[in-house]
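1. Structure for the following, please:
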Amino acid sequence: MNKFERQSSSADTQTLPDDMAEELSRLSSEVLSVDDAPSLAPPAPLSQDEVRTIVISLMLTMFLAALDQTIVATALPTIGRQFHDVSNLSWVITAYLLASTAVAPVFGTLSDIYGRRVMIIISLSLFVAGSVLCAIAPNLPMLILARGLQGLGGGGIMPVVQTVISDVVSPRERGQYQAYFSSVWMVGGILGPVIGGVFAEHLHWSMIFWINVPLAAAAIALLLPRMKKIPVFHRKRKVDWLGGVLLMASAVVFMLVLTWGGTRFPWLSPTVLAMVGGAVALAVTFVWHARRADEPFLPLPLLGGSVVPFGLTAGGCALGAITGLTVQLPLYYEAVYHLSASEAGLALIPLAAVSTCGAAIAGRTMARAKHYKRVAIVGTSWAALCGLGLTLTTLPLWALLTLMAAFALGLGTTFPVCVVSVQNSVARPQIGTITGALNFFRSLMSSFTVAAFAAILLIALGADVPLAGEHHGAVNAIPADDMRHAFRYVFGAATALMAGAALCLIMMEERPLAGPSVTQQVEMAE
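-> Numbers count the residues shown, from 1 in each chain. Sure thing, here's the model as predicted:
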């Protein structure tokens, strides 16, 4: 504040009535003397080696969470045979997904209150404890409960890891690191079914859980000694537990609707409709509570503005599109191109692998370009065009895989741009909260898209066919032309999602990223 502004402020205060001036003075003193105000510590003197070690340990930590989302799928038949129960096997996967989705915003917010070190220890401890209990589970109900506990830890890993990266790397450089983590997530998702099948066939299914123990120990041993040097941006405040419970409860009920709707219960059955009403009621109650709480669990104004809602939506559309296609495409490959189940799994590699290349391109562009948003706009627009090509044409397998890879390349540019833009738009003490919210909404969008794509296929095929990873023995009975026709609508839905992502990115404000560009870093080094 300059001299003129100070004089104006003083004059304005003197012209107020005595009681108003007194109140203004009291409020000002309270604001200036708040004990729990954010204490923004100066950046810790982290060397390049220390940053590299932290990043490697965080990548290993995220690999654990990514691996356990898919590693169990191929071991389910073996587990069902041992426990003589196949009717409830799907809950081994569902329990993990429900728990991990529900707690993502919780861990993000708590990391802003209690710090990153505490929350990464808690999330990894829950994850390891759940893994051990899964490995020694004597029956299927105990295994399902243990998977839920493991999901509580796994759901906290993603937002806390992304938040720690935001503490040690400037927004300008952060896009490159987000690309690395996207690669780890995709690799874990691809390797999961392969490792799970090998362990279940040649060793014992419990090894898919025991392997987490040494990996988690290595991650903690690498990370914790260096966590003390990471800058501190959290602030202690009262925790709005009621708001957190309402948010988690609404998410769990909504996820159950997406899981059971169209499979266990018809979409218009009284059970599903009642659950939809319950999810809406819980969500409305959460919003009502958040508007009235002094310090709400998830501040609603944080979700507004010219960056966050568009970044959340664009990221959700992109992740939903790739998740929905990954789940349903094996059915298409088997029915249309007559691939085996293992060959259909291998045919997914271009979709997963090339998307990480797109993320890497976007991350490097963010470190160099002033208008970093353009790479994602071009990428999502390109993906929409490729999706339109998939919708309107019938291609041989090699051409389909090539076009799918081009689609994934454009889609991948969305992830680092959305994450970094959203984190860059909020105050440092709120990065954990907004990162948790980002992962929460992306998970919900992924679940919604998987359910929507399955519903589209069932409606288009006009028959009750096995979908989404179920037994594919009846797939060959579906005429190839019918499956091609049905998948045109699926590809059309993916195209619409990418067009929506491109529109959101165009509308999102492009705020300058803090930190030196690569060119400036080279100049400073010289």
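2. For Ala344, give me its contacts.
-> Neighbouring residues of Ala344 by Cβ atoms under 8 Å, 6 or more residues apart in numbering: Leu329, Pro330, Tyr333, Glu334. Placement of C-beta: from N, CA and C, glycine included.
3. Do I have it right that the third one meets Ile349?
-> This points to Tyr333. No - the pair formed by Tyr333 and Ile349 falls short of the contact definition of Cβ atoms under 8 Å, at 11.9 Å.
4. Mind checking which of the two has more residues around it?
-> For Tyr333 versus Ile349, neighbours defined as other Cβ atoms under 10 Å are more numerous around Tyr333 (23 against 13).
5. Next, work out how far apart the more buried one and Val187 are.
-> Look at Tyr333 and Val187: by Cβ to Cβ, to the nearest Å, they are 21 Å apart.
6. Nearest the middle, which residue of the chain would you pick?
-> The C-alpha lying nearest the average C-alpha coordinate of the chain belongs to Asn439 (Cα atoms, centre = their mean; 3.5 Å).
7. distance of it from Leu89?
-> From Asn439 over to Leu89 the distance is 27 Å, taken as Cβ to Cβ.
8. And Leu331, by the same measure?
-> Distance from Leu331 to Leu89, counting by Cβ to Cβ: 19 Å.
9. out of the two, which sits in the busier spot?
-> Between Leu331 and Leu89, counting by other Cβ under 10 Å, Leu331 is the more crowded of the two (25 against 18).
10. secondary structure element for the more buried one?
-> Under the assignment given by DSSP states H and E, the secondary-structure element containing Leu331 is helix 308-337.
11. That helix packs against which elements?
-> Counting contacts by 3 or more Cβ pairs under 8 Å, 6 or more residues apart in numbering; DSSP states H and E, helix 308-337 packs against helix 341-346, helix 349-368, helix 373-392, helix 397-412, helix 414-424, helix 431-461, helix 480-507.
12. could you redo the last one with a cut-off of 6 Å?
-> If contacts are counted by 3 or more Cβ pairs under 6 Å, 6 or more residues apart in numbering; DSSP states H and E, helix 308-337 sits against helix 341-346, helix 397-412, helix 414-424, helix 431-461, helix 480-507.
13. so of these, which one's packed in deepest?
-> Neighbour counts averaged per stretch over the helices and strands packed on helix 308-337 are highest for helix 414-424, at a mean of 28; criterion: mean count of other Cβ atoms under 10 Å.
14. Run through who's touching it.
-> With contacts defined as Cβ atoms under 6 Å, 6 or more residues apart in numbering, helix 414-424 is touched by 166, 171, 174-175, 178-179, 182, 307-308, 311, 314-315, 318, 359, 362-363, 376, 380, 431, 434, 438, 501, 511, 513.
15. Equivalent analysis for stretch 388-401, please.
-> Residues from elsewhere that reach stretch 388-401, judged by Cβ under 6 Å, 6+ apart: Tyr337, Pro350, Leu403, Arg488, Phe491, Gly492, Thr495.
16. Make CSV out of those and add pLDDT and distance to Leu126.
-> Compiled in CSV, those are given as follows (pLDDT from 0 to 100; distance: Cβ to Cβ, whole Å):
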residue, pLDDT, distance to Leu126
Tyr337, 85, 42
Pro350, 81, 35
Leu403, 91, 42
Arg488, 90, 43
Phe491, 93, 39
Gly492, 92, 41
Thr495, 94, 39
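17. Now tabulate those residues in CSV and tack on distance to Arg237.
-> Shown next, in CSV, are those (distance: Cβ to Cβ, whole Å):
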residue, distance to Arg237
Tyr337, 56
Pro350, 47
Leu403, 50
Arg488, 52
Phe491, 47
Gly492, 46
Thr495, 44
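18. of all these, which comes closest to Thr61?
-> Out of the contacts of stretch 388-401, the one with the shortest distance to Thr61 is Pro350. That distance is 27.1 Å, counting by Cβ to Cβ.
19. residues contacting the closest one?
-> Taking Cβ under 6 Å, 6+ apart, we find Pro350 in contact with Leu401, Met404, Ala405.
20. Does the last one touch Val354 like I think?
-> Yes - counting by Cβ atoms under 6 Å, Val354 is a contact partner of Ala405 at 4.4 Å.
21. Cool, thanks, talk later.
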